[in-house]
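Peer 1: need a 3D model of the sequence below.
(one chain, ligands or ions: 2)
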Amino acid sequence: MAFPARHTNNYQSELTLQQVSQRTLSTSPTSFHSPPSSYGASALTGGAISLANAKHLKPFATEDIKVLLLENVNQTGRDILSNQGYQVEFLKSSLPEDQLIEKIRDVHVIGIRSKTKLTARVLKEARNLIVVGCFCIGTNQVDLQYAADHGIAVFNSPFSNSRSVAELVIAEIIALARQLCDRSNELHNGTWNKVSSKCWEIRGKTLGIIGYGHIGSQLSVLAEAMGMSVIFYDVVNLMAMGTSRQVPTLQALLEESDFVTCHVPELPETKRMIGQQQLEQMKKGSYLINASRGSVVDIPALIHAMRSGKIAGAALDVYPNEPAGNGDYFNDSLNPWASDLRSLKNLILTPHIGGSTEEAQSAIGIEVGQNLVRYVNEGITLGAVNLPEVNLRSLTMDEPDHARVIFIHRNVPGVLRKVNEILGDHNVDKQMTDSRGDVAYLMADVSSVDTSMIKDLYERLESLSSRIMTRILY
Ligand SMILES: NC(=O)C1=CN([C@@H]2O[C@H](COP(=O)(O)OP(=O)(O)OC[C@H]3O[C@@H](n4cnc5c(N)ncnc54)[C@H](O)[C@@H]3O)[C@@H](O)[C@H]2O)C=CC1
Ligand SMILES: O=C(O)C(=O)COP(=O)(O)O
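Peer 2: Ligands and ions are numbered 1, 2, ... in the order given. Sure, this is the predicted structure:
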């Protein structure tokens, strides 16, 4: 159980420390809860330690843990969280900011995908939040620094949908080269238009990959298997897969490629990295694909390059503004150039479906769901994208009077001395601490503690000026 889940300065202004402690104590069973039989030990321990008699730590009464899942998170993830006894609210779409703020006030855990923007303004209202699960790859939608500074861990699924994106891009390369979508649309409208002019095989053509990470490198292998030559540009020196080749500059890639595809994260440096100048550097009659983030390509510049014939076709899966849910939304009020895009030939427009396959969504649900449970119940931050990664081996059932102390604090000199003075009255079995930038994460297992000692430990840790968040699991 956690003692208590979280209270920040905001929270403190509503409930005094004592009220928080009393409330948590009164609702907190001090005894060990057996995990539901449907739930495997490896999920709880993250597989790090598979002791047959591992003691599964729990936050305060698990039914008090409130989870909000937005954007149609997969059933696998929903089941993992529900099976813990948490209260899970599930919504199919994202929420407008005002509704999000209302909902986020109460929850300890929020699960989102790429649409929900967890800005500082939203997170400021999330006074009970301890963890965010991004059930996707990208984490650009979350203010990661604000979250870290307030002790909110953020997890994602770094590669569960990479293959799905790579396969979509392969499909798009062939579809663009053969003007497949135009032919299909024409025939849907009753027009037979059998042409070969400017339709190509992809064999022997050069694919230029911008960003050679999980998706880019996977795509490289698939493209070579179909006879393409692959070059890539990345800010990091990377091992080339197969016979692909890293080029030194973006310009070199653009000048040499028949197909250019973007697989970089959204960063200040990647914002409009494909603009008018870069489109001019591309070969005449080449193709552009963007399934990374909508901010990476300057769309008005692309429209111009396609109208002029410089770019023979393009595929876009992502846009600067995307609607919160499904419906009739792709119009000029969402993005001012939407109708211009819709009028272009050989332009494939897809609604951010790169990672939308059964396989990817199911795997992401499991991975992020397990990470969330492991963090809530055991405080383990392995895989967190904004906090130091800290793990401790599980407590065992032979250690009934143990508690796990988690102290997230500002990384300033002298904190460990003070923490150890507080823990020093107890037997500290094991302790691990690490820092990431300004934030440090300490986890310690202490033995021979009863509830009143835990309350005392909690209050003394909370009184340290460096404290960001204290949780005690037992
Ligand atoms: N359309 C969709 O449904 C999906 C879109 N994505 C997007 O794709 C992006 C890439 O995904 P992964 O390959 O998994 O990421 P990754 O982190 O494995 O790889 C990104 C690569 O980009 C490189 N990079 C960063 N800044 C760069 C720059 N300025 N110039 C050149 N290279 C740069 C990095 O060094 C890294 O090698 C994600 O961040 C996400 O935004 C991811 C999954 C699904
Ligand atoms: O994984 C990502 O970063 C994606 O862009 C996919 O996002 P989604 O889960 O489809 O909202």
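Peer 1: quick one: the strands in the stretch 351-474 of the chain?
Peer 2: 403-410, 427-436, 439-447, 467-473 (DSSP state E, counting those that start in this stretch).
Peer 1: mind listing residues that contact the first one?
Peer 2: If you take CB atoms under 8 Å, 6 or more residues apart in numbering as the criterion, strand 403-410 is touched by 57, 151, 378-379, 387, 392, 395, 415, 419, 423, 438-446, 449, 454, 457, 461, 464, 466-474. Any C-beta I mention is one placed from the backbone N, CA and C, and that applies to glycine too.
Peer 1: only the buried subset of those residues, as a ChimeraX command please.
Peer 2: To isolate the buried members of those in ChimeraX, using 16 or more other CB atoms under 10 Å:
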select :57,151,378,379,387,392,395,415,419,423,439,440,441,442,443,444,445,446,449,454,457,461,464,466,467,468,469,470,471,472,473,474
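Peer 1: and the contacts of strand 403-410 near ligand 2, which?
Peer 2: Among the contacts of strand 403-410, no residue sits close to ligand 2 (CB under 6 Å from any ligand atom).
Peer 1: what about the residue in the chain positioned nearest to ligand 1, neighbour count?
Peer 2: Proximity of the chain to ligand 1 (CB to the nearest ligand atom) peaks at Gly213, 1.7 Å away. Residues lying near Gly213 (other CB atoms under 10 Å) number 18.
Peer 1: isn't it right next to His263, touching?
Peer 2: Yes: between Gly213 and His263 there is a contact under CB atoms under 8 Å: 6.5 Å.
Peer 1: output the below-cut-off pLDDT ranges for the stretch 51-200 of the chain.
Peer 2: Residue ranges of the stretch 51-200 of the chain with pLDDT under 70: 51-61.
Peer 1: now the strands: where do they sit in it?
Peer 2: So, for the stretch 51-200 of the chain - with DSSP E, counting those that start in this stretch - the strands run 66-69, 87-90, 109-112, 131-134, 153-155.
Peer 1: out of these, which is the most enclosed?
Peer 2: strand 131-134 (a mean of 28; mean count of other CB atoms under 10 Å).
Peer 1: which residues does that one contact?
Peer 2: 77, 108-114, 118, 141-142, 147, 152-157, 368-369, 371-372, 375-376.
Peer 1: just the ones of these in helices?
Peer 2: Among the contacts of strand 131-134, DSSP state H puts Gly77, Ala147, Val368, Gly369, Asn371, Leu372, Tyr375, Val376 in helices.
Peer 1: what's the closest of those to His188?
Peer 2: Proximity of the ones in helices among the contacts of strand 131-134 to His188 (CB to CB) peaks at Gly77, which lies at 36.4 Å.
Peer 1: without its sequence neighbours, what residue ends up closest to the closest one?
Peer 2: Spatial nearest neighbour of Gly77, chain neighbours left out: Gly365 (3.2 Å); criterion: CB to CB, 6 or more residues apart in numbering.
Peer 1: try Asn427
Peer 2: Per CB to CB, 6+ apart, closest to Asn427 is Ser447, 4.6 Å.
Peer 1: what about the one you found, distance to His426?
Peer 2: 7 Å (CB to CB, to the nearest Å).
Peer 1: quick one, which of the two is more surrounded?
Peer 2: Taking neighbours as other CB under 10 Å, Ser447 and His426 compare with His426 leading, 18 against 14.
Peer 1: for the residue nearest to that one when sequence neighbours are not counted, give the beta-bridge partners.
Peer 2: Once flanking residues are discounted, His426 sits nearest to Val446: 4.2 Å by CB to CB, 6+ apart. Note on Val446: beta-bridge partners by DSSP bridges are Ala403, Val428.
Peer 1: having no further points to raise, I will conclude here.
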